[in-house]
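Chemist: Provide a 3D model corresponding to the input given below.
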Amino acid sequence: MNFDEKKDISIESEFVKFEIFPTSGRFSFTDKQTGVEWHSNPYIERMGEVVVKQDSKSKKMPLKDFECMQYAPTALKLLYNQDDVKLTITIELLPDGRTANMSYEAGRETNIESIRLLDDSLWVSDVEEGYALVPVRLGLLIPANSGKEFKHSFPTFGYEGCHMEMLGIVKNGSTALVKWHEPYITAEIQSTIMEDKQILSPSLSLRKTAKAFQIQFLGKGDHVTIAKAYRESAKEKGWLVTWDEKLKEYPSG
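Modeler: All right, here's what the predicted structure looks like:
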């Protein structure tokens with residue numbers, strides 16, 4: 001099923017709405033709890049980018065010009081089929097209604113080196129009082145009003161990288177938690193200044209066994225809201241160790 005740029009398709013829950021234009025790949029999430037919209041790449045109209053291996057050479061390809069394979073109220077499957085590269089990308093709103101799962105599967109003959117499904121997306125700006133949270137050491141808060149341009153990568157569990165599997169983003173008092181459960185994901189934060197506005201944009205590069213990540217829209221809040229939400233995620237993974245439990249291992253005296 002083909003679509004043109006003038007038409008979008010959407011899925012939604014009680015709390016979140018996702019819209020995408022299959023031709024260009026541009027998309028947005030709306031957090032219904034706050035009314036705040038989170039947008040795709042502000043520099044290039046595309047959903048993301050894939051790097052494939054063809055004839056012993058690496059080839060970068062923008063993710064756009066999709067066909068819709070499956071469409072339900074809370075789930076969407078998109079087919080990318082260009083130049084012998086075939087991918088199926090799934091966007092699904094999970095039962096809690098606040099979390100979007102984004103994943104991909106490659107075709108049998110498609111050799112993927114890396115893929116960015118979060119591609120300078122969910123960006124925030126200085127006028128929106130935006131900032132990003134990166135779990136480096138005790139935590140790094142990166143404001144969108146520094147007046148500086150930069151790009152920095154944070155490999156999962158790498159030196160000076162993401163020491164937890166998450167990123168946090170705040171925009172106009174609305175919060176989002178990006179989380180994953182894979183070591184082969186590298187987060188990136190880019191800051192650019194365009195027309196006197198500073199933009200802070202996160203990306204995720206997936207490789208090897210990394211196939212998915214989640215975005216949890218937490219409504220109104222701040223960095224504490226994001227930290228509490230990730231605490232629950234860590235608990236589900238069995239990684240949460242409270243101070244009481246740690247003290248049992250090192251009793252006084």
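Chemist: thought residue 223 was touching residue 140?
Modeler: No: proximity of residue 223 to residue 140 does not meet the contact threshold set by C-beta atoms under 8 Å, at 10.8 Å. (Glycine included, C-beta is placed from N, CA and C.)
Chemist: Find the residues that touch each one of those two.
Modeler: Counting by C-beta atoms under 8 Å, 6 or more residues apart in numbering, the shared contacts of residue 223 and residue 140 are residue 133.
Chemist: Look at residue 228 and give its secondary structure.
Modeler: helix (DSSP: H, G, I helix; E, B strand; the rest coil).
Chemist: Let me know the distance separating it from residue 185.
Modeler: 22 Å (C-beta to C-beta, to the nearest Å).
Chemist: So for those two, which residue has more residues nearby?
Modeler: The neighbour count for residue 228 versus residue 185, taken as other C-beta atoms under 10 Å, is higher for residue 185 (25 against 12).
Chemist: Give me the pLDDT for the more buried one.
Modeler: Here, the pLDDT recorded for residue 185 equals 98.
Chemist: Ok, the one 10 residues further on next?
Modeler: Residue 195 is assigned a pLDDT of 84 by the prediction.
Chemist: try residue 233
Modeler: Note on residue 233: pLDDT of 79.
Chemist: same for whichever strand or helix holds it, what does it pack against?
Modeler: For residue 233, the enclosing helix or strand under DSSP states H and E is helix 223-237. Using 3 or more C-beta pairs under 8 Å, 6 or more residues apart in numbering; DSSP states H and E, the elements in contact with helix 223-237 are strand 131-134, strand 166-171, strand 174-179, strand 212-220.
Chemist: how close does the residue nearest to the spatial centre of the chain get to residue 186?
Modeler: Centroid check for the chain by C-alpha atoms, centre = their mean gives residue 118 as the closest residue, at 4.2 Å. Distance, residue 118 to residue 186, using C-beta to C-beta: 11 Å.
Chemist: Give me the mean pLDDT for stretch 200-220.
Modeler: 98.
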